[in-house]
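> whatever this is, show me its structure:
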Amino acid sequence: MRRTWIAAGLAGIFWIFGCAHAGTTAPEGRGLTAKVEIPADLRAKILAGEQNGPWVMHIDGVELPAHKPAVVHVFGNLTGAPPAQEPEKSASYLGYFTIVPKTAQKGTRPDTQTDIVLDVTPNLRKLLQDSSTLTVTLVPAAGVDLRALGMKIGKVSIRPEE
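Numbers count the residues shown, from 1 in each chain. The predicted model follows:
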């Protein structure tokens, strides 16, 4: 029984890392979206380049069933469907994160909740030039529906790295 659990856990881990490099995303409508209001003073600092260090996005309260893996691409102000190949070349691309399963079987542990921090400095200024609102879209790699997978997110914010 123990070998089965280890094999299932390793298969899940290899599946995740294989998808992380595949560069594919799900069709539009399978992701999660959150709007981030950027206060005027913070937006002015970002646009003026006043911050010496990086700007980071905090995606707090990312929740997923403990037995589910996920590789998620993050886009800002995405219009239309996400790119099917090489999403990192999109002007809207902000980064990606991976969640590794904590158990091989459903119901053996409670859902996991984690906070994600991404350096969004490279594209943030360009995304905020025309808007004080940043729409953040989480798009799964591997063509799964994040809502059907059971993923939920809490607060999304932008701030200087501390």
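> so what touches the helix or strand harbouring Arg43?
Using DSSP states H and E, Arg43 sits in helix 40-48. Outside helix 40-48, the residues that touch it by CB atoms under 8 Å, 6 or more residues apart in numbering are Ile38, Glu50, Gln51, Trp55, Leu124, Arg125, Leu128, Gln129, Ser132, Ile158, Arg159. To be clear about C-beta, it is placed using only N, CA and C from the backbone, and glycine gets the same treatment.
> where along this protein do the strands fall?
32-37, 55-64, 70-76, 93-99, 112-119, 133-140, 156-160 (DSSP state E).
> need those strands in JSON lines (columns: mean neighbour count).
Shown next, in JSON lines, are the strands of the chain (neighbours: other CB atoms under 10 Å):
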{"stretch": "strand 32-37", "mean neighbour count": "14"}
{"stretch": "strand 55-64", "mean neighbour count": "18"}
{"stretch": "strand 70-76", "mean neighbour count": "25"}
{"stretch": "strand 93-99", "mean neighbour count": "19"}
{"stretch": "strand 112-119", "mean neighbour count": "15"}
{"stretch": "strand 133-140", "mean neighbour count": "21"}
{"stretch": "strand 156-160", "mean neighbour count": "17"}
